[in-house]
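Colleague: Generate a structure from the sequence data that follows.
(4 chains)
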2 protein chains.
Amino acid sequence: MVENQGSGARRRLTRAESRARTRQLLLDAAADVFAEKGYTGASVEEIADRAGYSIGAVYSNFEGKQQLFLELLSTRAESRIADAAQVLKDSEDAPGFRSGLGRLLTDTADQDIEFESLHAEFWLYAVRNPEAMAMLASRLQEARTGLEQLLEESLSERGESAAKPVHPLATIVFALFHGLVQQRRIDPESVPEDLFDQALSWLFAGWRADRF
Amino acid sequence: MVENQGSGARRRLTRAESRARTRQLLLDAAADVFAEKGYTGASVEEIADRAGYSIGAVYSNFEGKQQLFLELLSTRAESRIADAAQVLKDSEDAPGFRSGLGRLLTDTADQDIEFESLHAEFWLYAVRNPEAMAMLASRLQEARTGLEQLLEESLSERGESAAKPVHPLATIVFALFHGLVQQRRIDPESVPEDLFDQALSWLFAGWRADRF
DNA sequence: GTCTATAAACAGATAGAC
DNA sequence: GTCTATCTGTTTATAGAC
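Modeller: Next up is the predicted model:
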């Protein structure tokens, strides 16, 4: 007796898969609520509600609120930047590199408004809970490394590689990105769309001139 | 009958002054606790305790937790940067300007560790409570204006003023400052002491070259 | 003006039904 | 594996003593 499990185009929900789906829905909902209310302000009940489950479902899939947050921290911190950088790498050529980053800035500040809030929550949590700091540090380093590779490729296409390490440049670009996104959220007029490109243009020019 | 009020070097505590002193102690304690625990995580009781008062003292001097926080937001946001910039202005000449900012960065990240946490709390609060956004925006603008003046004076001493507006430069320096401080708190090795100076050097060089 | 005591609401986490 | 009910602790804010 196979029951109606193999019938139809549907059917594919192992217990493990069903559990994984629940976990995913809870994690998505948690990201939303943590971004909106902050770690302390977010309630487990609201996370569960928004995912379409009850409180019990959260505690049967995660140890608790803290572990749920840490799982997001370890898997989602900076992921948008890494992804977006990859998109830029695939879709743009060297001259479009900077304007691509400029668009990334305005998109992050104006459209994906949860990103920077969640980033700030991760940062504050790590600052207050040293045991989570190494985790965030390694995620940030991953993102910076991705950006470094992008920069190196972009520069090598222009025949100006190998002379200086781009490492500090990547760190600077990264810091500038977050700083400008934050400022644009508070006072959009003070951070016009092309300011990031402008800054990168000056920065790169000065960096190149410093090779001699 | 004057009572023993005019006697001794002490005695100077009008009710108004005594009240002002209590308010000040509560505000100082509040800044500490909000920085350590966050807006939601900070309890009125802990603020009162740390100031040496009880819960009732808070509610007799402020409308509540929210107004206490908003008073800090409206008076202390970015004040350290404005103050520090003024110190730099008074104590340093043009060539020392950049290294002065570099020291400000490491001090802010390593010594006055409450500053950036409180800044992040202000930012998150404003992002989540639009009625407070204009207040933070104006405080940020004040700080940026102060930095602008510093830049203009520093540049005019080198005879290269008036050609271009420094406004965008001030915004960039500001964003970079916060971005690097945040990154240094998480991963100090990725933000060496002279990175900020290095970045400013490249940025200014590129900016100058862009005049033509 | 500040304190103590308390009210009223809400949180994270657990136990047991299904 | 998920839900309902509940336990326990904590929170903001207020009322009334002093």
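
Colleague: Let me know the secondary structure of A:Tyr125.
Modeller: Counting by DSSP: H, G, I helix; E, B strand; the rest coil, the backbone at A:Tyr125 sits in helix.

Colleague: from what I can see it touches A:Gln66, true?
Modeller: No - counting by C-beta atoms under 8 Å, A:Tyr125 sits too far from A:Gln66 to count as a contact (9.4 Å). The way it works is simple: take the backbone N, C-alpha and C, and place the C-beta from them, glycine included.

Colleague: Which of these two has more residues huddled nearby?
Modeller: Under the neighbour definition other C-beta atoms under 10 Å in any protein chain shown, A:Tyr125 and A:Gln66 were set side by side, and A:Tyr125 has more, 22 against 13.

Colleague: Residue ranges of each domain in chain A, please.
Modeller: Domains of chain A are assigned by automatic domain parsing as A:12-71, A:77-209.

Colleague: Need the contact partners of the lowest-mean-pLDDT helix or strand in chain A.
Modeller: Within chain A, no helix or strand scores below helix A:79-91, which has a mean of 73 by mean pLDDT, DSSP states H and E. Outside of helix A:79-91, the residues within contact range by C-beta atoms under 8 Å, 6 or more residues apart in numbering or on different chains are A:97, A:100-101, A:104, A:108, A:112, A:115, A:142-143, A:146-147, A:150, A:153, A:174, A:177.

Colleague: Least confident of those?
Modeller: Least confident by pLDDT among these: that is A:Phe97, with 62.

Colleague: just to revisit the earlier point, which among the contacts of helix A:79-91 count as buried?
Modeller: For the contacts of helix A:79-91, a burial check counting by 16 or more other C-beta atoms under 10 Å in any protein chain shown picks out A:97, A:100-101, A:104, A:108, A:115, A:143, A:146-147, A:150, A:174, A:177.

Colleague: Pick the most buried one from the domains of chain A.
Modeller: Across these, the average number of neighbours (mean count of other C-beta atoms under 10 Å in any protein chain shown) peaks for domain A:77-209, which reaches a mean of 18.

Colleague: that older thread, and the domains of chain A: which comes nearest B:Leu25?
Modeller: Comparing the domains of chain A against B:Leu25 with C-beta to C-beta, the closest turns out to be domain A:77-209 (23.9 Å).

Colleague: In chain A, which residue sits nearest DNA strand D?
Modeller: A:Gly56 (2.2 Å; C-beta to the nearest atom of the strand).

Colleague: Near DNA strand C, which residues of chain A? Just list them.
Modeller: A:42-46, A:55-56, A:59, A:64-66 (C-beta under 7 Å from any atom of the strand).

Colleague: May I ask you to name the longest helix in chain A?
Modeller: Secondary structure of chain A per DSSP state H: the longest helix is helix A:15-41.

Colleague: what ranges do the helices span in chain A?
Modeller: Using DSSP H, helices in chain A cover A:15-41, A:44-51, A:55-61, A:65-76, A:79-91, A:97-110, A:113-128, A:133-156, A:167-186, A:195-209.

Colleague: got the angle between the fourth one and helix A:133-156?
Modeller: Going back to what we said before, that points to helix A:65-76. Helix A:65-76 and helix A:133-156 are oriented at 10 degrees to each other (axes from the mean of the first three to the mean of the last three C-alpha atoms, to 10 degrees).

Colleague: just checking, what packs against helix A:65-76?
Modeller: Counting contacts by 3 or more C-beta pairs under 8 Å, 6 or more residues apart in numbering or on different chains; DSSP states H and E, helix A:65-76 is packed against helix A:15-41, helix A:113-128, helix A:133-156.

Colleague: can you tell me which residues contact A:Ala51?
Modeller: A:22, A:25-26, A:28-30, A:57.

Colleague: Stretch A:171-183 and chain B, any residue contact?
Modeller: Yes - contact of stretch A:171-183 with chain B (C-beta under 8 Å from any C-beta of the partner chain) involves A:171-172, A:174-180, A:182-183.

Colleague: And for stretch A:149-160?
Modeller: No - Stretch A:149-160 does not reach chain B (C-beta under 8 Å from any C-beta); its nearest approach is 13.6 Å.

Colleague: Apart from its neighbours in sequence, what residue is nearest A:Asp197?
Modeller: Spatially, and ignoring its direct neighbours in sequence, A:Asp197 is nearest to A:Gly102 (3.9 Å; C-beta to C-beta, 6 or more residues apart in numbering or on different chains).

Colleague: Contacts only, for the nearest residue to A:Ala205 once chain neighbours are set aside.
Modeller: Excluding its sequence neighbours, the residue lying closest to A:Ala205 (C-beta to C-beta, 6+ apart) is B:Gly206, at 3.5 Å. By C-beta under 8 Å, 6+ apart, B:Gly206 lies in contact with A:201-207, A:209.

Colleague: For B:Ser117, see how far away A:Leu70 is.
Modeller: Using C-beta to C-beta, to the nearest Å, A:Leu70 is found at 19 Å from B:Ser117.

Colleague: tell me the contacts of A:Ala199?
Modeller: A:176, A:180, B:168, B:172, B:203.

Colleague: before we move on, what about A:Leu72?
Modeller: Counting by C-beta under 8 Å, 6+ apart, A:Leu72 has contacts A:27, A:30-31, A:34, A:118.

Colleague: do A:Val58 as well
Modeller: Here A:Val58 is in contact with A:26, A:44, A:47-48, A:65, A:68 (C-beta under 8 Å, 6+ apart).

Colleague: tell me the pLDDT at it?
Modeller: 98.

Colleague: How much space separates it from A:Leu150?
Modeller: 38 Å.

Colleague: mean confidence score for stretch A:26-42?
Modeller: Rounded mean pLDDT across stretch A:26-42 is 98.

Colleague: distance between that stretch and the chain's centre?
Modeller: Stretch A:26-42 sits 15 Å away from the centroid of its parent chain (C-alpha atoms, centre = their mean, to the nearest Å).

Colleague: That stretch near chain B at all?
Modeller: Yes - counting by C-beta under 8 Å from any C-beta, chain B has neighbours in stretch A:26-42: A:36-41.

Colleague: That stretch vs DNA strand D: in contact?
Modeller: No - using C-beta under 7 Å from any atom of the strand, stretch A:26-42 never reaches DNA strand D; the gap is at least 8.4 Å.

Colleague: Tell me if I'm right that the residue nearest to A:Asp197 and A:Pro192 touch.
Modeller: No - using C-beta under 8 Å, A:Gly102 is not in contact with A:Pro192, being 10.0 Å away.

Colleague: Kindly provide the distance from the residue lying closest to A:Glu152 once chain neighbours are set aside to A:Asp32.
Modeller: Using C-beta to C-beta, 6+ apart and skipping the chain neighbours, the partner closest in space to A:Glu152 is A:Val166 (5.5 Å). Distance of A:Val166 to A:Asp32, computed by C-beta to C-beta: 35 Å.
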